[in-house]
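Enquirer: the sequence and its predicted three-dimensional model are supplied below.
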Amino acid sequence: TVPSLQFNDGHSIPQLGFGVFRVDPAETERIVTDALEVGYRHIDTAALYGNEEGVGAAIAKSGIPRDELFITTKLWNTEHGEATALAGIDDSLRKLGLDHVDLYLIHWPAPGKNLFVETWQTFEKIRDAGKATSIGVSNFRTQDLDRLAAETGTVPAINQIELHPFFVQQELRDYDAAHGILTESWGPLGHAVVDVLGSGPLAEIAGAHGVAPAQVVIRWHLQHGLVVIPKSNNRDRMRQNFDVFGFELTADEMAAIDALDTGVRSGADPDTLN
Ligand code: A2P
């Protein structure tokens, strides 16, 4: 079974989930249905992805009790500010067919990095109204987290950031940990942009354990205490990515994977995205 990590608000999150970034809205119901059948109970979507309705349809058809599921969605950049954020959560809940999400994230500190404090204060109201059990952020930098703490006196439950063996984000992870913020990895396998899974050292480690490179990478995230949400459209690969609790990486193997870091991100940059 999938272990859970505890948030600073007392609630907890299954450490392994299923991400639906770039899952075609027309295919989402089938793909999420497959993921739920494989055993995933934590689904990560976002208003931006345009597939919340498909996620909701799969949840409804699954018959899985709501309290056994952990559902995350995110507020898009154009919806920062109080009135738009309040409308944003209602819109997401309607599409998902839910009365609450387990986690609601500010997707980026953009636009202009000048509205997220007001948006965060609105998120606290959304949480207090019971529409989101926990609230957090995504793609926040240390300076954004500093500002949030200084201006609101609160810290998010989690920070979801690009993180994989080619971009390990050690400084930001250390900051999160020092402030009681969990770190969640998006694009954990390289999100089809960089060829993490083709790297030689990973193939060697995978061979030693008789597993696939993707399983090694997911183990690496889990053993680092990260929340991880691999995406796959393919049921066999979904199953493979979920079958990661029967082996353990050694300290040397963890260090060898850490050493693959290039320091170069491959997704959007919070410094420049507005
Ligand atoms: P596919 O959806 O065809 O399986 P990330 O989670 O980092 O965004 O990565 C998703 C990418 O990795 C997708 O291109 C996905 O392709 C691919 N992928 C997911 N799981 C595996 C796996 N077990 N082996 C190989 N490729 C995988």
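Expert: It's in. As the structure is a computational prediction, the values presented were derived from the model and not from experiment.
Enquirer: next, the contact list for Val101, please.
Expert: Going by Cβ atoms under 8 Å, 6 or more residues apart in numbering, Val101 touches 71-73, 89, 92-93, 131-133. For glycine as for every other residue, the C-beta is placed from the backbone atoms N, C-alpha and C.
Enquirer: and the stretch 1-150 of the chain, which residues reach the ligand?
Expert: For the stretch 1-150 of the chain, the contact set with the ligand under Cβ under 6 Å from any ligand atom comprises Gly19.
Enquirer: show me the helices in the stretch 1-150 of the chain, by range?
Expert: Ranges of helices within the stretch 1-150 of the chain are 25-38, 52-62, 82-96, 116-128, 142-152, based on DSSP state H, counting those that start in this stretch.
Enquirer: and the ones you listed as JSON lines, adding mean pLDDT and distance to Gln160?
Expert: Shown next, in JSON lines, are the helices of the stretch 1-150 of the chain (pLDDT from 0 to 100; distance: least, Cβ to Cβ, whole Å):
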{"stretch": "helix 25-38", "mean pLDDT": "98", "distance to Gln160": "18"}
{"stretch": "helix 52-62", "mean pLDDT": "98", "distance to Gln160": "17"}
{"stretch": "helix 82-96", "mean pLDDT": "98", "distance to Gln160": "16"}
{"stretch": "helix 116-128", "mean pLDDT": "98", "distance to Gln160": "14"}
{"stretch": "helix 142-152", "mean pLDDT": "96", "distance to Gln160": "13"}
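Enquirer: deepest in the core, which of those is it.
Expert: The highest average neighbour count among those, using mean count of other Cβ atoms under 10 Å, belongs to helix 52-62 at a mean of 20.
Enquirer: give me the angle between that one and helix 25-38.
Expert: Interaxial angle of helix 52-62 relative to helix 25-38 (axes from the mean of the first three to the mean of the last three Cα atoms, to 10 degrees): 40 degrees.
Enquirer: OK, now which residue of the stretch 1-150 of the chain is nearest to the ligand?
Expert: Gly19 (5.7 Å; Cβ to the nearest ligand atom).
Enquirer: quick check: closest non-adjacent residue to that residue.
Expert: Ile229 (3.6 Å; Cβ to Cβ, 6 or more residues apart in numbering).
Enquirer: who does the closest residue to Gly187 other than its chain neighbours form a beta bridge with?
Expert: Leaving aside its chain neighbours, Gly187 sits nearest to Glu162 (5.2 Å; criterion: Cβ to Cβ, 6+ apart). Beta-bridge pairing for Glu162 (DSSP bridges): Trp186.
Enquirer: what's the pLDDT at Glu162?
Expert: According to the prediction, Glu162 has pLDDT 98.
Enquirer: do the same with Leu189
Expert: Per-residue confidence at Leu189 stands at 98 (pLDDT).
Enquirer: cool, and Val244?
Expert: Listed pLDDT for Val244 reads 98.
Enquirer: what number of residues lie near it?
Expert: Val244: 23 surrounding residues under other Cβ atoms under 10 Å.
Enquirer: list the contacts for it?
Expert: With Cβ under 8 Å, 6+ apart, Val244 has these contacts: 16, 215, 218-219, 222.
Enquirer: format those residues as TSV; extra columns: pLDDT and secondary structure.
Expert: As requested, the contacts of Val244 are exported to TSV (pLDDT from 0 to 100; DSSP: H, G, I helix; E, B strand; the rest coil):
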residue	pLDDT	secondary structure
Leu16	98	strand
Gln215	98	helix
Ile218	98	helix
Arg219	98	helix
Leu222	98	helix
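Enquirer: which one (most neighbours) among those?
Expert: Among those, the one with the most neighbours (other Cβ under 10 Å) is Ile218, at 26 neighbours.
Enquirer: isn't it right up against Ile229?
Expert: No - assessed by Cβ atoms under 8 Å, Ile218 is found out of contact with Ile229, at 10.0 Å.
Enquirer: and for the two, which residues touch both?
Expert: The overlap between the contact sets of Ile218 and Ile229 (Cβ under 8 Å, 6+ apart) consists of 16, 188.
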